[in-house]
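S.K.: pasting the structure only:
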């Protein structure tokens with residue numbers, strides 16, 4: 001996870017540079033360091049961006065961070081993830097099925113295609129944290 005922030009910034013720069021080239025517009029959210037940290041609330045809010053996509057648009061979700069299996073669920077661990085017993089405090093983690101739901105319900109295309117339509121991009125980075133013993 002040492003290079004997660006750099007990876008997030010690099011993929012964001014690469015894809016936003018495609019505006020007016022491959023895509024008419026690029027609508028993006030970069031959750032890394034600075035003003036918009038990759039907290040659970042910010043990630044959930046950013047996922048709403050996919051709701052704007054139409055069937056002709058391209059959608060991209062880039063995640064860089066840690067995850068954990070607990071209580072029969074898989075969780076993406078945002079910057080503010082907090083442990084609660086042997087699991088996680090629910091409002092501080094993202095269940096993988098929440099991410100899957102956002103992607104599955106996005107009307108945009110999920111493959112690389114030549115497009116002049118908008119690109120909807122969410123870039124999420126999660127800083128290194130110690131794993132549970």
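M.R.: Received it, and whenever you're ready, just let me know what you need. Predicted model only: the values in this text are computed from it and were never measured.
S.K.: can we go C-alpha only for contacts and neighbour counts from here?
M.R.: Noted.
S.K.: against which helices or strands is the longest helix along the chain packed?
M.R.: The longest helix of the chain (DSSP state H) is helix 4-16. Applying 3 or more Cα pairs under 8 Å, 6 or more residues apart in numbering; DSSP states H and E, one finds that helix 4-16 contacts strand 26-31, strand 58-64, strand 119-125.
S.K.: for it, which positions count as buried?
M.R.: 4-5, 7-9, 12, 15-16 (16 or more other Cα atoms under 10 Å).
S.K.: now swap in stretch 36-54 and tell me
M.R.: Those would be 37-40, 43-44, 46-47, 49-50, 53-54, for stretch 36-54 by 16+ other Cα under 10 Å.
S.K.: with pLDDT and distance to residue 27 as new columns, can the residues you listed be given to me in CSV?
M.R.: As requested, the buried residues of stretch 36-54 are exported to CSV (pLDDT from 0 to 100; distance: Cα to Cα, whole Å):
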residue, pLDDT, distance to residue 27
37, 87, 18
38, 88, 18
39, 92, 20
40, 95, 20
43, 93, 15
44, 94, 16
46, 90, 11
47, 91, 12
49, 87, 8
50, 86, 10
53, 84, 10
54, 83, 13
